[in-house]
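In: Quick one, structure for this:
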Amino acid sequence: MSSSNVGLSLVVLRNVPLFSGLDESELEKLSRVAGRRRAGRSEQVVRAGESADSLIVLLSGRAKVTNFDEEGREIILAWLGPGEIFGEMGLIDGSPRSASVIAIEPCELLTIGKNEFQRCMQDNFQVAQKLMQILVRRLREADRNIESLALLDVYGRVARLLLDMSEESDGKRQIKKKISKQDMARMIGASREMVSKVMRDLEVSGYIICESDTITITGT
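Out: This is a model prediction of the structure:
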C-alpha cells in the first residue's frame, strides 16, 4: 500500500471503536495491511455462504445485513453505518458468512485480512475484549428481536422498531435515516401493507409526525 493510503487508513483506524485501545505503533502496523475498496448502491459487499477471509469496516455510507427465509422473502437483520464492522464471526470460528451485506448507498470500506486480524487479537487483549463486547451487544439485540416477534403484535413491533432507530435531537426523539415501509416490514416480519396501516394509525393518533425523511416520536 502507498504511504498516502497508509496514512489515510491510520486516520480511519484511530476512529474505529474496535481499535480504540491500540497505541500508535500498533495502529500503524495494522494500517499497512489494511485494504480499501468502494461499493456502489445495491452492490453486494459480502454474500451469505462464501468463505470469510476478512473483517470489514464501513467507513462511509450505509448498508444492510440481510438473509432470506425458506420462501425466498428477504429479512433485514441489521443496518450498518460509518465506523461499524462486519464479517468478524467467520474469522473466529472459521464458518462461512452467515448473512449477506448490501450497500444501500455508495460505501467506502476498509478490509483487514483474516490472518492479520487474528494476529492483532492475539497481540492486543483490548481488541479481543472490544470484539467480545460488540458480539455480546449484537446477541442482546437478537434476543430482543426474537422476544418482539414472539410477544408483540405488529403495532408493538413497529413501535419498538421506531424507538430503537430513533435518536435524541434537540430534545426530541427522531429518525433521520430514510427507511421504507417495505424495509420496516422485512425487519419485523410483517407485510408492507400492515406496516403502512400501523404508521398511518400512529400518525393520526398523534404518536408520530412524518415530515419528508424525518419521523418524530411525540410520545403523546
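In: and the strand or helix carrying Lys130, which residues are buried?
Out: Element membership for Lys130, per DSSP states H and E: helix 125-151. Of all the residues in helix 125-151, those buried under the rule 16 or more other Cβ atoms under 10 Å are Val127, Lys130, Leu131, Arg138, Asn145, Ser148. Where you see a C-beta, it was placed from the backbone N, CA and C, and this is true even at glycine.
In: mind checking pLDDT for the fourth one?
Out: This means Arg138. If you check Arg138, the pLDDT there is 83.
In: That one - nearest residue in space that isn't next to it in sequence?
Out: Nearest non-adjacent residue to Arg138, counting by Cβ to Cβ, 6 or more residues apart in numbering: Ala78, 7.7 Å away.
In: helices or strands next to the helix or strand hosting that neighbour in the packing?
Out: Assigned by DSSP H and E, Ala78 belongs to strand 74-80. Judged by 3 or more Cβ pairs under 8 Å, 6 or more residues apart in numbering; DSSP states H and E, the packing partners of strand 74-80 are strand 63-68, helix 181-188.
In: Okay, now the sheet partners of it, with direction.
Out: Strand pairing for strand 74-80, determined by DSSP bridges: strand 63-68 (antiparallel).
In: Isn't Arg38 up against Cys107?
Out: Yes. Here Arg38 reaches Cys107: they are 6.9 Å apart, a contact under Cβ atoms under 8 Å.
In: more crowded one of those two?
Out: Cys107 (24 against 13; other Cβ atoms under 10 Å).
In: isn't the more buried one right next to Lys64, touching?
Out: No. Contact criterion Cβ under 8 Å: Cys107 and Lys64 do not qualify, at 11.0 Å.
In: could you pull out the strands for the protein?
Out: 34-39, 44-46, 54-60, 63-68, 74-80, 85-86, 100-103, 107-113, 167-169, 172-175, 208-211, 214-217 (DSSP state E).
In: For Asp153, find the nearest of the ones you listed.
Out: Checking the strands of the chain against Asp153 by Cβ to Cβ gives strand 208-211 as the closest, at 17.4 Å.
In: Can you list the neighbours in contact with the closest one?
Out: Outside strand 208-211, the residues within contact range by Cβ atoms under 8 Å, 6 or more residues apart in numbering are Leu162, Met199, Leu202, Glu203, Ile215, Thr216, Ile217, Thr218.
In: can we see that at 6 Å?
Out: Outside strand 208-211, the residues that touch it by Cβ atoms under 6 Å, 6 or more residues apart in numbering are Leu202, Glu203, Ile215, Thr216, Ile217.
In: So what sits opposite Trp79 in the bridge?
Out: So, taking DSSP bridges as the rule, Trp79 has Lys64 as bridge partners.
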